[in-house]
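# A structural model of the following input is requested.
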Amino acid sequence: MRWKNGDGETAEISVFPPDAGLSDFDWRVSMATVARAGPFSLFPDVDRTLAIVEGAGITLEIEGRPAVTLTGKNDPFAFPGDIATTATLVKGPIVDLNVMSRRGRWSHRVERWHFEGQRHFDAPGGVTMLISLGDLRVDIGSHAAELRRFDCVFIEGVVLLTTDMPVEGYLIRLTQA
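Model (predicted):
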């Protein structure tokens, strides 16, 4: 879909409520390719978290705050979606993970995740999503899913995670206010 400001495109991963638009979502998870510098779209009453998943990085200038440069090595960065923000690319295009939640309705937390081997993972209440940056098997009851780069799975309850080599990803937790 086109960005709200018209300067790019985003791949929407999930939105709530289903089929909500940019002005009425409670939460939204997406990935975007940013190919040039420019302003971020403003989202009133929305909190955002950004993580760089591909490319050299991006520098954010958020009104009233010092500039911050994000790379794929940084933890996800949270900031208000309703404050003027401008982005400058470090060197060439990037792909980012963008999580947004509507203040007063939902809150979110995004964690960078590292895993190797096999272990059980328990997702507490709310909504839990895992976005993989590599190959990962997820066993949910009698069902299994093989995740590849940029695949996403919703997790409810206890699941078994298995990988033969180190894999990174992002764990997204959304909680209703």
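# Count the neighbours of the nearest residue in space to Lys91 that is not next to it in sequence for me.
Among residues not flanking Lys91 along the chain, Ala56 sits closest, at 4.1 Å (C-beta to C-beta, 6 or more residues apart in numbering). From N, CA and C alone the C-beta is placed, and that goes for glycine too. Around Ala56 there are 14 other residues, counting by other C-beta atoms under 10 Å.
# Beyond the lengthiest strand in the chain, next helix or strand please.
Criterion DSSP state E: the longest strand present in the chain is strand 106-132. Counting by DSSP states H and E, the next helix or strand C-terminal to strand 106-132 is strand 136-140.
# Wait, Phe25 touches Arg102, no?
Yes - with contact defined as C-beta atoms under 8 Å, Phe25 and Arg102 form a contacting pair (6.8 Å).
# Please tell me the pLDDT value assigned to Gly8.
On pLDDT, Gly8 comes in at 64.
# Over to Arg2?
Looking at Arg2, its pLDDT is 65.
# What is the neighbour count of Gly134?
Residues lying near Gly134 (other C-beta under 10 Å) number 16.
# wait, I meant Ser132
Neighbour count for Ser132, taken as other C-beta under 10 Å: 24.
# From Asp164, how far out is it?
14 Å (C-beta to C-beta, to the nearest Å).
# domains for the chain, by residue range?
As given by automatic domain parsing, the domain ranges for the chain are 10-104, 110-176.
# if we can go back for a sec, so which strand or helix has the residue nearest to Lys91?
Under DSSP H and E, no helix or strand contains Ala56.
# Now do the strands in the protein.
Ranges of strands in the chain, per DSSP E, are 10-16, 27-34, 38-39, 46-54, 58-62, 68-70, 77-80, 85-89, 94-102, 106-132, 136-140, 143-147, 152-176.
# now the shortest one, how far from the centre of its chain.
Here strand 38-39 shows a centroid-to-chain-centroid distance of 19 Å under the convention C-alpha atoms, centre = their mean, to the nearest Å.
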